[in-house]
Each structure stands twice: as C-alpha cells, then as structure tokens.
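Asker: What follows is a protein structure lacking sequence information:
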C-alpha cells in the first residue's frame, strides 16, 4: 500500500513541475521584448556598461548620439558618428535619441508705455 501511495505522490509532483514550467515559460515569453525596429538614419544613444561606479557616478551611462548606418538580422546594428568608424552593437544597448526633435516656441510680447 505504501508503494502505491509513493508512486501517486511522485506522479503528482511530476505533474506539478510540468505545470510550473509551463506557467513560468508563458510569463517569461510575455516579458520578452521584440526587436526595437531601428531604421537606417535613426539617431541613437549607446549604453556604456563599463563605466566605473565612483569616477563621475552621476555621469550618464549613455553616450552619443550615433547614427544607424546598417541594420543586420538578429538584432545587430551598425552605428557611427563623426569621430568614430562604423562598428556593430546589439540593439539592446541602444535607445532612440530624441534630443534634436524638441522645438522651442518663442513668445514675444511687446509692452506699450501708458
């Protein structure tokens, strides 16, 4: 009798692990990001993961802007700026640069003397 109970417990444990793996996979797949969809000519910032903690710890870890020169499959992007030769990076280290797109509205108010 104890052997049958042991086999039943083992079967339930096996089924529970299969359900756990299935749920974990679905949650993981839901969080995965797809390709970011960079286009040739986009301006991007490059993440510098090698920046040391203490020298300039308030300094931004993003450098650039760079221009996308070529897009390869599987998330490889070739970028360059005026000072560097083109080089390839993974698209997970890039984000779009929005700095030049901000337009400033000027309001001129003329005051008349009473």
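Answerer: Received the coordinates, thanks. Bear in mind that the values here come from a model prediction, so they are computed numbers and not experimental data.

Asker: how far away is the most centrally placed residue in the chain from residue 73?
Answerer: Taking Cα atoms, centre = their mean, the centroid of the chain lies closest to residue 92, which sits 4.4 Å from it. Distance, residue 92 to residue 73, using Cβ to Cβ, to the nearest Å: 15 Å. In short, each C-beta sits where N, CA and C put it, glycine included.

Asker: sorry, back to before: list phi and psi for the residue nearest to the centre of the chain.
Answerer: Residue 92 adopts backbone torsions of phi -70, psi -20, taken as degrees, to the nearest 10.

Asker: do the same with residue 110
Answerer: Residue 110 adopts backbone torsions of phi -90, psi 130, taken as degrees, to the nearest 10.

Asker: Number the residues from 455 up from this point.
Answerer: Happy to do that; since the first residue is 455 now, the last one works out to residue 564.

Asker: For the lengthiest strand in the chain, what does the pLDDT average out to?
Answerer: Assignment by DSSP state E gives strand 516-525 as the longest strand of the chain. The pLDDT scores in strand 516-525 average 90.

Asker: buried set for stretch 547-566?
Answerer: 547, 548, 551 (16 or more other Cβ atoms under 10 Å).

Asker: What pairs with the longest strand of the chain, parallel or antiparallel?
Answerer: Sheet pairing of strand 516-525 (DSSP bridges) gives strand 497-501 (antiparallel), strand 530-534 (antiparallel).
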